[in-house]
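*Asks:* Give me the fold of what follows.
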Amino acid sequence: MTRFAIAITLLAGCFLHHPGDQQELMGTDCYSCHTTDYAATTAPVHRDTPQVFSTTCVDCHRTARWQPALEGLHSDTFIIARGAHAGIACLDCHDLAGAQPSKAGANTNCLTCHPDDATMRDGHDGVTTATDQPFAYLASVANFCLACHPAGTADVHPDNLFARTGSHAVPCNQCHDRRAGPDTKGANVTCVESRCHAISAVQGGEGHLGAKWDQALGNGMRRNFCHDCHKK
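*Replies:* Numbering: from 1, shown residues only. Take a look at the predicted model:
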C-alpha cells in the first residue's frame, strides 16, 4: 500500500461523525478548523464574549451537528449575573444529553446543586405553590424549581435587619407561619402565644409598661408586634 493510500485510509476513519462525511482532523479541537465560523456567528455573537462563549465548541455543541445547542446568552428571566448562580459554567446547569433545547430552561438540572436535604426541607416547610398545593420535591423533574423560582432567586433572610443568632438561631418555621402568608418582610412572623414570647410572660415586665407597650400590643392579634420595638 502506498503512502498516499495509507493517508486516505487514515482520513476515512476521521470523516465519520459530521454530516456529509466531514469531521475536523484534530481530535476535539474544533476551533482550529471552525475559527471562521466562531468569529462570524451573530446569533448570538461569540467573538465579543469569549468568557461566555469559549472556543471549546463541545461545551455547547454536539459533534454530530451544530444544533441543538445552548441557545445563546441568558435572558433577564433567569439571573446569572449575580448571586449564587454567578460564574457557573453553562453545562453545570444545562444537560445537552437530554435532547431538550435550553430555551425556557427545558434542559436545566437544578437538583445537582439543590438536593432534598435538611436545608431544602426547612426552607420549604409550609410553603404552597402557585396553585395552592403543598411543596413537593420532584426528583423526577430536574428543573421543577423553575416553576416557583423562574429567575433562580429566592427570598434571603435579612440578617442585617433581624439577626438569626442566640435564641433566634432556629429553623425557619419556628418563626414563620406560612399559613399566614409568604415570608416577605416578616409579615407571617409570629413571636407570641404558641411561639416563644407569650404575652402573659412579658406583660408588665421591664420596658413593657405604659402607652408605648399598649399601642404596640393593640388587641394582641398581630403576632409580630414585637418588631415595632425590637427591630433586630
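
*Asks:* Could you measure from the most centrally placed residue in the chain over to T108?
*Replies:* Taking Cα atoms, centre = their mean, the centroid of the chain lies closest to G152, which sits 3.7 Å from it. Distance, G152 to T108, using Cβ to Cβ, to the nearest Å: 9 Å. C-beta: built from backbone N, CA, C; applies to glycine.

*Asks:* Repeat that for R178.
*Replies:* 26 Å.

*Asks:* Run through who's touching stretch 83-92.
*Replies:* Residues outside stretch 83-92 that contact it (Cβ atoms under 8 Å, 6 or more residues apart in numbering) are D59, C60, L70, F78, I79, I80, C93, T112, C113, G152, T153.

*Asks:* Could you pull out the buried residues of that stretch?
*Replies:* The neighbour-count criterion (16 or more other Cβ atoms under 10 Å) identifies H85, C90 as the buried residues of stretch 83-92.

*Asks:* quick one on the thing from earlier: quick one, which of R178 and T108 is more surrounded?
*Replies:* Applying other Cβ atoms under 10 Å to R178 and T108 shows that T108 carries more neighbours, namely 20 against 16.

*Asks:* Where does the prediction get shaky in this protein?
*Replies:* Applying pLDDT under 70 to the chain flags the ranges 1-28, 52, 62-64, 68, 71-76, 99, 193-195, 199-221.

*Asks:* pretty sure Y38 is touching D48, no?
*Replies:* No - using Cβ atoms under 8 Å, Y38 makes no contact with D48, being 11.3 Å away.

*Asks:* higher neighbour count, these two?
*Replies:* Neighbour count, other Cβ under 10 Å: between Y38 and D48, Y38 has more, with 16 against 8.

*Asks:* Which of the three states applies to R179?
*Replies:* helix (DSSP: H, G, I helix; E, B strand; the rest coil).

*Asks:* gap between it and R222?
*Replies:* On the measure of Cβ to Cβ, R179 and R222 end up 16 Å apart.

*Asks:* Out of these two, name the residue with the larger neighbour count.
*Replies:* R222 (15 against 9).

*Asks:* list the buried ones in the helix or strand encompassing R121?
*Replies:* Using DSSP states H and E, R121 sits in helix 118-124. For helix 118-124, burial by neighbour count (16+ other Cβ under 10 Å) applies to G123, H124.

*Asks:* ok, back up a step: any shared contact partners between G152 and T108?
*Replies:* What both G152 and T108 touch, as defined by Cβ under 8 Å, 6+ apart, is the set L146.

*Asks:* can you pull out the helices in the chain?
*Replies:* 3-14, 31-40, 90-93, 118-124, 199-202, 211-217 (DSSP state H).

*Asks:* Could you chop this structure up by domain?
*Replies:* Listed domain ranges for the chain are 26-103, 166-228 (source: automatic domain parsing).

*Asks:* for these, which one sits closest to L138?
*Replies:* Closest to L138 of the domains of the chain is domain 26-103 (Cβ to Cβ; 15.7 Å).

*Asks:* hmm, back to that, quick check: closest non-adjacent residue to the residue nearest to the centre of the chain.
*Replies:* Using Cβ to Cβ, 6 or more residues apart in numbering and skipping the chain neighbours, the partner closest in space to G152 is F78 (4.8 Å).

*Asks:* how much space between that neighbour and D29?
*Replies:* 31 Å.

*Asks:* Of those two, which one has the most company?
*Replies:* F78 (17 against 14).

*Asks:* what are the phi and psi angles of the residue nearest to the centre of the chain?
*Replies:* Main-chain torsions, G152, degrees, to the nearest 10: phi 70, psi 20.

*Asks:* And it, how close does it get to P44?
*Replies:* 20 Å.
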